[in-house]
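1. could you look at this predicted model? Sequence included:
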Amino acid sequence: MSTQLPALDHSAFEPPPDAVDFYVECLRLLGESGLPFLLSGTYALACYTGIVRPTKDLDIFCKPSDAPKILGFFKARGYRIDIEDERWIGKVWKDDRHFFDVIYNISTASIPVTEDWFAEAYEVEVYGTNVRITPPTEFVLSKIFLQDRYRYDGADVAHVILKKHAEIDWRRLLNALELYWEVLLGHVLNFRFIYPTMRECIPRWLLDELLDRLHAQAEMPTARMQICRGRLFSPRDYITDITEWGFADVVGKGIEERHEPKL
């Protein structure tokens, strides 16, 4: 089943005038490639909530197996390709200013884009091309770990829950966050605090399940290994915990290296 949403007014996103032609061309080419992809980020947020803010690029989500195909498709057409981080993101560049991201994994939590992300079809016309956007369930999943000093997307999560709670597949979301259910509980409590008169937007069974897990965990002894999972939220804000305070890490940022192409 496909849901067609009203076309977006791209001028509201305040793109640089010379970037619009690039966006138009890239979305057209993505459609011509025949490869499955989802437009996310600010554009999906606007579709679901009506909240519009300036943006400088396009966030394109795809399965890990399709990322090299999309990147190769654009490389064959003269675009510059950059693998920013093999674990989750590549980029397609027109020049030194205009690009779009090809994202295939939640960067820190290692939750890949799977076929489930394409189970529901939400379509919208953007820059003259009809594209699929990230469904509400996966949109929340894509935002839930972004809790950095310089970027916190909790408000986006709360707004989409408020507007699209009936369309969120809560069981699929819980299954995807099986290892990180406390993160989901944190956002559930955050939503209940922000909107005390809208608490019914969160299914009661979900709240009960998360609280049952919390109670069961409270009965467990403290683990022997000291770990800090803060870098799942922000790779930079919890470095001291790892380098000076002795906590084990669960995610890392390495040193960026530039390799000259072999001739």
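-> That came in fine, so what should we check first?

2. flag the shaky bits of the chain, pLDDT-wise.
-> Where the chain drops to pLDDT under 70, the residues are 1, 10, 252-263.

3. mind checking the longest helix of it?
-> With DSSP state H applied, the helix covering the greatest number of residues in the chain is identified as helix 17-33.

4. please compute how far the following helix or strand past that helix lies from its chain's middle.
-> Scanning forward in sequence from helix 17-33, with DSSP states H and E defining helices and strands, the next element found is strand 38-39. Averaging C-alpha coordinates over strand 38-39 and over its chain gives two centres that are 10 Å apart (C-alpha atoms, centre = their mean, to the nearest Å).

5. quick one: buried residues of the longest helix of the chain?
-> For helix 17-33, the buried set under the neighbour-count rule, 16 or more other C-beta atoms under 10 Å, comprises Ala19, Phe22, Tyr23, Glu25, Cys26, Leu27, Leu29, Leu30, Ser33. Placement of C-beta: from N, CA and C, glycine included.

6. okay, the residues you listed in a markdown table with distance to Gly154 next?
-> As requested, the buried residues of helix 17-33 are exported to a markdown table (distance: C-beta to C-beta, whole Å):
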| residue | distance to Gly154 |
| --- | --- |
| Ala19 | 28 |
| Phe22 | 31 |
| Tyr23 | 28 |
| Glu25 | 34 |
| Cys26 | 30 |
| Leu27 | 29 |
| Leu29 | 34 |
| Leu30 | 30 |
| Ser33 | 34 |
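
7. and which of the residues you listed is nearest Phe100?
-> Checking the buried residues of helix 17-33 against Phe100 with C-beta to C-beta, the nearest one is Cys26 at 5.7 Å.

8. that closest one: what's it in contact with?
-> Neighbour list for Cys26: Leu58, Phe74, Val92, Phe100 [criterion: C-beta atoms under 8 Å, 6 or more residues apart in numbering].

9. hmm, the second one is touching Lys94, no?
-> No: between Phe74 and Lys94 there is no contact, the gap being 9.5 Å when judged by C-beta atoms under 8 Å.

10. thanks again, I'm all set now.
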